[in-house]
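A.B. asks: Give me the fold of what follows.
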Amino acid sequence: MIKDNQRVLNRIHVLMDAVMIVTAYLAAWVIKFKILDNNTPMVGVLPKEDYFQLLSIILPIYLVIFYRCGMYMAKRQATTIREIFNIIRGCSFGLLLFAAALYVLKITDISRTMIGMFFGFSIGLEILSRLMIRAILRSIRRKGYNVKYVLLVGYSRAAETYIRRIDENPQWGYVVRGILDDHIPAGTVYKGVKVLGKIDNIHIILPENKLDEIAITLALKDYERLEELVTICEKSGVHTKFIPDYNSVIPTKPYIEELSGLAVVNIRYVPLSNTWNMFVKRLADIIGSLLCIIFFSPIMLISAIMIKCCDGGKVIFCQERVGRHNKTFKMYKFRTMREQTEDEEKAGWTVKGDPRVTGIGKFLRSTSLDEIPQMFNVLKGDMSLVGPRPERPQFVEKYKEEIPGYMIKHQVRPGITGWAQINGFRGNTSIRKRIDHDLYYIENWTVGFDIKIAFLTVFKGFINKNAY
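C.D. replies: Got it, this is the predicted structure:
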């Protein structure tokens with residue numbers, strides 16, 4: 001039902017987007033050539049006909065990119081900020097592809113001023129049109145039109161979460177009529193939504209034909225009734241959806257496989273378990289680590305000399321860390337502390353003003369230059385350029401009991417830098433938040449995500465304010 005309505009709305013969106021793109025292009029052309037350059041001789045400038053022919057290239061490019069950027073998702077699901085971000089992203093990609101098309105077609109006389117104005121106008125008009133649509137939908141729903149009336153079957157954590165989301169987003173147009181449950185007393189109210197009675201009351205409520213949707217929100221202990229309830233709801237013809245009560249176990253977007261008609265739900269989707277993805281990442285690690293070793297070789301040489309001159313001890317410090325598949329490996333770093341016994345080294349984290357840190361070591365740690373030898377770990381295959389940071393075995397044993405999901409990070413190779421590190425979670429910071437960022441990276445890995453992390457590391461990942 002919602003999807004069907006969304007298809008109609010999407011067609012309207014596509015039509016409006018086409019109108020906005022054409023309007024922005026024509027407005028930019030008129031302002032540039034009819035207002036700003038009205039009395040300027042048109043030498044070395046494309047004829048008017050060529051500009052209008054180019055519009056036939058721009059229009060489909062922009063519409064395809066808008067679709068790929070998620071600009072046609074349901075208004076009930078997209079926030080205003082996210083929609084504006086998608087518009088800016090879509091227009092930016094559209095401009096880049098248009099520039100590429102001009103290069104391929106060897107068109108050089110096009111006005112850059114006009115294209116710049118078109119870029120600004122297209123963003124402005126798209127945002128204006130989307131805000132207008134939102135305002136219209138909000139007005140319609142406020143008057144009682146296009147509102148979806150929902151009954152929840154089962155009182156659970158999922159039901160409470162669903163009610164909170166509806167309460168926080170009135171623009172979605174959902175109204176929860178009530179809840180049916182066998183364990184919660186009738187009359188119990190949660191955020192204005194009342195428990196109406198037992199689940200069997202559904203036989204009385206459905207024939208009244210006053211509902212648009214039924215959401216089955218059974219608690220885990222009541223799942224034996226799921227099949228029965230789905231059958232009852234579907235016989236009534238009311239659109240039925242199932243909101244599982246296991247979000248604490250299974251992520252929001254689980255990876256579902258189909259094996260000869262059998263649905264298999266993976267508790268956690270790890271893109272890097274795919275053979276092709278593993279190959280691509282490993283190839284990037286080998287090439288990237290070799291280039292980094294060559295590029296940083298002068299810095300490594302200078303660092304080694306300074307460490308040796310400081311106290312005459314070893315240059316490279318090897319420390320046992322836990323990597324992929326829980327296997328331990330020796331991680332290389334420039335030695336930044338005075339040489340210690342194994343028991344001293346296992347004592348714990350470095351603290352502020354730690355007397356064990358050498359003079360040159362303090363500089364190397366604060367600039368992350370002590371991590372450069374890990375490029376050899378990457379080359380060997382112990383580590384990756386990008387991934388969750390590896391931890392020492394004693395801390396792994398500690399955190400796996402304290403932090404849910406901690407051991408999932410060992411399903412991929414550890415990295416020199418990662419999503420947690422560029423977001424400031426390194427050194428003496430929250431381990432729980434660090435793991436949250438690591439899990440997000442593991443579940444959302446793409447080549448582009450790795451490139452983004454590597455790029456951000458160059459600009460804000462080297463200086464470590466939390467390194468002591």
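A.B. asks: Strands of this structure, residue ranges please.
C.D. replies: 148-153, 174-180, 189-190, 193-197, 213-216, 239-242, 255-259, 262-266, 316-322, 328-334, 384-386, 415-417 (DSSP state E).
A.B. asks: Turn the ones you listed into a markdown table, columns for distance to Ile299, mean pLDDT and mean neighbour count.
C.D. replies: Quick note: C-beta positions are derived from backbone N, CA and C, even for glycine. Formatted as a markdown table, the strands of the chain follow (distance: least, C-beta to C-beta, whole Å; pLDDT from 0 to 100; neighbours: other C-beta atoms under 10 Å):
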| stretch | distance to Ile299 | mean pLDDT | mean neighbour count |
| --- | --- | --- | --- |
| strand 148-153 | 61 | 91 | 22 |
| strand 174-180 | 58 | 91 | 20 |
| strand 189-190 | 60 | 92 | 14 |
| strand 193-197 | 62 | 93 | 19 |
| strand 213-216 | 59 | 91 | 23 |
| strand 239-242 | 57 | 88 | 16 |
| strand 255-259 | 41 | 76 | 10 |
| strand 262-266 | 43 | 78 | 10 |
| strand 316-322 | 15 | 91 | 17 |
| strand 328-334 | 10 | 93 | 19 |
| strand 384-386 | 17 | 95 | 26 |
| strand 415-417 | 15 | 93 | 26 |
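A.B. asks: Any chance of JSON lines for these, columns distance to Ile360?
C.D. replies: Converted to JSON lines, those look like this (distance: least, C-beta to C-beta, whole Å):
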{"stretch": "strand 148-153", "distance to Ile360": "63"}
{"stretch": "strand 174-180", "distance to Ile360": "62"}
{"stretch": "strand 189-190", "distance to Ile360": "61"}
{"stretch": "strand 193-197", "distance to Ile360": "64"}
{"stretch": "strand 213-216", "distance to Ile360": "62"}
{"stretch": "strand 239-242", "distance to Ile360": "61"}
{"stretch": "strand 255-259", "distance to Ile360": "47"}
{"stretch": "strand 262-266", "distance to Ile360": "47"}
{"stretch": "strand 316-322", "distance to Ile360": "13"}
{"stretch": "strand 328-334", "distance to Ile360": "9"}
{"stretch": "strand 384-386", "distance to Ile360": "25"}
{"stretch": "strand 415-417", "distance to Ile360": "20"}
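A.B. asks: of all the ones you listed, which lies closest to Leu55?
C.D. replies: Leu55 sits nearest to strand 148-153 of all those, at 39.5 Å, using C-beta to C-beta.
A.B. asks: which residues are contacting the closest one?
C.D. replies: 1-2, 159, 162-163, 166, 173-181, 193, 199, 202, 205, 210-218, 229, 233 (C-beta atoms under 8 Å, 6 or more residues apart in numbering).
A.B. asks: go on, stretch 237-244?
C.D. replies: Residues outside stretch 237-244 that contact it (C-beta under 8 Å, 6+ apart): 1, 158-159, 162, 206, 211-217, 226, 230, 233-234, 250.
A.B. asks: mind redoing it with 6 Å?
C.D. replies: Met1, Ala158, Tyr162, Leu211, Glu213, Ile214, Ala215, Ile216, Thr217, Cys233 (C-beta atoms under 6 Å, 6 or more residues apart in numbering).
A.B. asks: quick one: Arg164 and Leu151, what's the gap?
C.D. replies: Using C-beta to C-beta, to the nearest Å, we find Arg164 at a distance of 17 Å from Leu151.
A.B. asks: Least confident secondary structure element in the chain?
C.D. replies: Lowest on mean pLDDT, DSSP states H and E among the helices and strands of the chain sits helix 342-345, with a mean of 62.
A.B. asks: quick one: buried residues of the biggest helix by length in the chain?
C.D. replies: The longest helix of the chain (DSSP state H) is helix 275-311. By neighbour count on 16 or more other C-beta atoms under 10 Å, the buried set for helix 275-311 is Lys281, Ala284, Asp285, Gly288, Ser289, Cys292, Ile293, Met300, Ser303, Met306, Ile307.
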